[in-house]
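Student: Structure for this input, please:
(chains A, B, C and D)
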Protein chains: 2
Amino acid sequence: MSTKRTAWADVPCPIGRAIDVLGDKWALLILRNATVGMKRFDQFREDLAIADNVLSTRLSRLVDARLLVRVPYRDDGRTRHEYRLTAAGADLLPVMHALAAWGQRYTEAAEPAEPMTLIHRECGHETNPGDKCVHCGRTVDRQDLAWLRPWRSPEPVPLAEPVTS
Amino acid sequence: MSTKRTAWADVPCPIGRAIDVLGDKWALLILRNATVGMKRFDQFREDLAIADNVLSTRLSRLVDARLLVRVPYRDDGRTRHEYRLTAAGADLLPVMHALAAWGQRYTEAAEPAEPMTLIHRECGHETNPGDKCVHCGRTVDRQDLAWLRPWRSPEPVPLAEPVTS
DNA sequence: ACGCAGACTTTCTATTTGCAAGCCAGTGGA
DNA sequence: TCCACTGGCTTGCAAATAGAAAGTCTGCGT
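Tutor: Numbers count the residues shown, from 1 in each chain, chains lettered A, B, ... in the order given. Here you go, the predicted structure:
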């Protein structure tokens, strides 16, 4: 598959380098789904309505860029692969949160819905990706966070943990 | 020019809608340059090394999406146009800041440089896009901020103000 | 042995992107 | 007056990418 690096992989500006990896329609959407726990090829395909070949190349690219890892696992006795976030992929949370806030404010959905919010599970209130809950002030780490997407479900979904390696 | 909306202009997820506008290699780079004061077609062209036609369509798209406005102005007697940030464009600062932080941490430049930092001009220290300076605690608004990009210049560049309208 | 499901891979076509070159309007100089 | 120049597009054409559909491969379960 040998994902070729674009010409921007090592420009001096960190924004440019980030865009080298993330600057296409699919990358951030795949990673968004991965951060709410999506792991398998056909789940991504179905949810994103992306063509097989495009999904396949995107996943390889994200694996090459070390935002995802391809992990074998057993599902009722047979070996399968799933795509799990690395620490680098999980740390895109602030980027996605900022994008979500901007999109909420400056773009409009076809049918209005309650905003997407990041929830501190211990206190149940909205917070942001920082270390302390903006509502209760306690220290928050990743497994205390959940993302609420009201147009999908009334229940917030816990964030996926990155693979530890 | 009549920039056609992609199929995602009104999906329920605000991240998806944001990506509809920002999810390509050039949009955020153009906006980054605009936030450090770049305004004119040929400055963008030279700095980004982007082809004329691509720049032209991207600028139109960003104008259609209301992140930029095309403003006539006079330059030594003749009428020219410049592209200035709107409030929506200026409010991408948190997104760019998050991307810069991520890129700084997880990607590597060809030749290492000091990190890009956002500076509170009154106290001279690093801060982030919030309302209060993380160093001195005072209230910060946009004209108190500057972006330091050490590989370009030792002086921080003040952020461009959005057009008021 | 057969069939099936998941995860690709291939093929083919339509669309988009990018480079190079050309165009056009305003201005200032010869 | 005519020419060159500069900024900002537009056009033509080649290359890359996206997408739909069909094919492949692997490991089961029956």
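Student: The one helix or strand in chain A whose mean pLDDT sits lowest pairs with which strands, parallel or anti?
Tutor: Lowest by mean pLDDT, DSSP states H and E among the helices and strands of chain A is strand A:68-75, with a mean of 83. Sheet pairing of strand A:68-75 (DSSP bridges) gives strand A:78-85 (antiparallel).
Student: So A:Arg149 is in contact with A:Met116, correct?
Tutor: Yes. Taking Cβ atoms under 8 Å as the definition, A:Arg149 is a contact partner of A:Met116 at 5.1 Å. Where you see a C-beta, it was placed from the backbone N, CA and C, and this is true even at glycine.
Student: Can you check which residues contact both of these two?
Tutor: Common contact partners of A:Arg149 and A:Met116 (Cβ atoms under 8 Å, 6 or more residues apart in numbering or on different chains): B:Cys13.
Student: show me where chain A has strands.
Tutor: A:68-75, A:78-85, A:117-120, A:125-127, A:145-148, A:157-158 (DSSP state E).
Student: winner for burial among these?
Tutor: Greatest average neighbour count among the strands of chain A goes to strand A:117-120 (a mean of 21), per mean count of other Cβ atoms under 10 Å in any protein chain shown.
Student: Wondering if that one reaches chain B at all.
Tutor: No. With Cβ under 8 Å from any Cβ of the partner chain as the criterion, chain B is not reached by strand A:117-120; the gap is at least 10.6 Å.
Student: Show me the shaky parts of chain A.
Tutor: A:1-7, A:75-78 (pLDDT under 70).
Student: Could you list the contact residues of it toward DNA strand C?
Tutor: Applying Cβ under 7 Å from any atom of the strand, one finds that chain A approaches DNA strand C through A:1, A:40-42, A:52-53, A:56, A:59-60, A:70, A:80-82.
Student: Return the distance of stretch A:52-71 from the chain's centre.
Tutor: Here the centre of stretch A:52-71 is set off from its chain's centre by 13 Å, with Cα atoms, centre = their mean, to the nearest Å.
Student: For burial, what's the neighbour tally of A:Arg105?
Tutor: When neighbours are defined as other Cβ atoms under 10 Å in any protein chain shown, A:Arg105 has 13 of them.
Student: Tell me who's in contact with it.
Tutor: B:Asp91.
Student: what about it, distance to B:Gly23?
Tutor: Relative to B:Gly23, A:Arg105 is positioned 17 Å away (Cβ to Cβ, to the nearest Å).
Student: what does A:Met116 give?
Tutor: From A:Met116 over to B:Gly23 (counting by Cβ to Cβ), the distance is 17 Å.
Student: and what of A:Pro158?
Tutor: Distance from A:Pro158 to B:Gly23, by Cβ to Cβ: 26 Å.
Student: show me what contacts A:Ser165?
Tutor: A:Ser165 makes contacts with A:Val69, A:Thr86, as judged by Cβ under 8 Å, 6+ apart.
Student: do that again at 7 Å, thanks
Tutor: Contacts for A:Ser165 (Cβ atoms under 7 Å, 6 or more residues apart in numbering or on different chains) come out as none.
Student: ok, now how distant is it from A:Leu85?
Tutor: From A:Ser165 to A:Leu85 the distance is 11 Å (Cβ to Cβ).
Student: Tell me how chain A divides into domains.
Tutor: By the record's domain assignment, chain A is partitioned as A:14-88, A:92-158 (automatic domain parsing).
Student: Could you pull out the helices in chain A for me?
Tutor: Using DSSP state H, the helices found in chain A span residues A:14-22, A:27-35, A:41-48, A:52-64, A:87-90, A:93-106.
Student: Now for A:Val36, how many residues are close by?
Tutor: For A:Val36, using other Cβ under 10 Å, the count is 15.
Student: what do you get for A:Ser56?
Tutor: By the criterion of other Cβ under 10 Å, A:Ser56 has 14 neighbours.
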